[in-house]
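A.B. asks: what follows is a protein structure lacking sequence information:
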């Protein structure tokens, strides 16, 4: 019984550095200032087909939601991220030409708002805007 307990303690102690390394890797991307370029809202219906036939009761159930595609410029790159919501109004405090704190990872944008620090959106595409003048003040 004591050997099992000792083995469990050793396993826990050996696993602590790996847990700490994972936590620091998640925080390794710094929060930078981004600028909201554009916000587009689309109403989405799933499934994408309508009633066929004379009886509407035969139609499949549908779900409706709103997709918001938000374009954010960070340094020389523009990221388009998607946010899906059941609400007609965007619940996040985002407006075009507004500066926001954002953390960019490989496949997500994480907005760092004081009242909601963990707003993540999937990046749907990226555009490189470097023309040689990016980052320089006129």
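C.D. replies: Sure, I can see it. Not measured: the values here are computed from a predicted model.
A.B. asks: okay, and the beta partners of residue 81?
C.D. replies: On the basis of DSSP bridges, residue 81 is bridged to residue 70, residue 123.
A.B. asks: what about it, how many neighbours?
C.D. replies: Residue 81: 22 surrounding residues under other C-beta atoms under 10 Å. (Glycine included, C-beta is placed from N, CA and C.)
A.B. asks: same question, residue 92
C.D. replies: Residue 92 - counted by other C-beta under 10 Å - has 17 other residues nearby.
A.B. asks: any idea how far residue 117 is from it?
C.D. replies: 12 Å (C-beta to C-beta, to the nearest Å).
A.B. asks: go through this structure and flag its longest strand.
C.D. replies: strand 32-46 (DSSP state E).
A.B. asks: which neighbouring elements make contact with it?
C.D. replies: Contacting strand 32-46 under the criterion 3 or more C-beta pairs under 8 Å, 6 or more residues apart in numbering; DSSP states H and E are the following elements: strand 63-74, strand 77-85, strand 99-104.
A.B. asks: and it, which strands flank it?
C.D. replies: strand 63-74 (antiparallel), strand 99-104 (antiparallel).
A.B. asks: export those to a markdown table and tack on mean pLDDT?
C.D. replies: Formatted as a markdown table, the strands paired with strand 32-46 follow (pLDDT from 0 to 100):
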| stretch | mean pLDDT |
| --- | --- |
| strand 63-74 | 90 |
| strand 99-104 | 91 |
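A.B. asks: how about TSV for the helices and strands packed on strand 32-46, with distance to residue 124 added?
C.D. replies: Shown next, in TSV, are the helices and strands packed on strand 32-46 (distance: least, C-beta to C-beta, whole Å):
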stretch	distance to residue 124
strand 63-74	7
strand 77-85	5
strand 99-104	14
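A.B. asks: what about those strands, which gets the closest to residue 128?
C.D. replies: strand 77-85 (5.7 Å; C-beta to C-beta).
A.B. asks: what residues does the closest one touch?
C.D. replies: Contacting residues not belonging to strand 77-85 are listed as 34, 37, 44, 65-73, 90-92, 104, 108-109, 121-129 [C-beta atoms under 8 Å, 6 or more residues apart in numbering].
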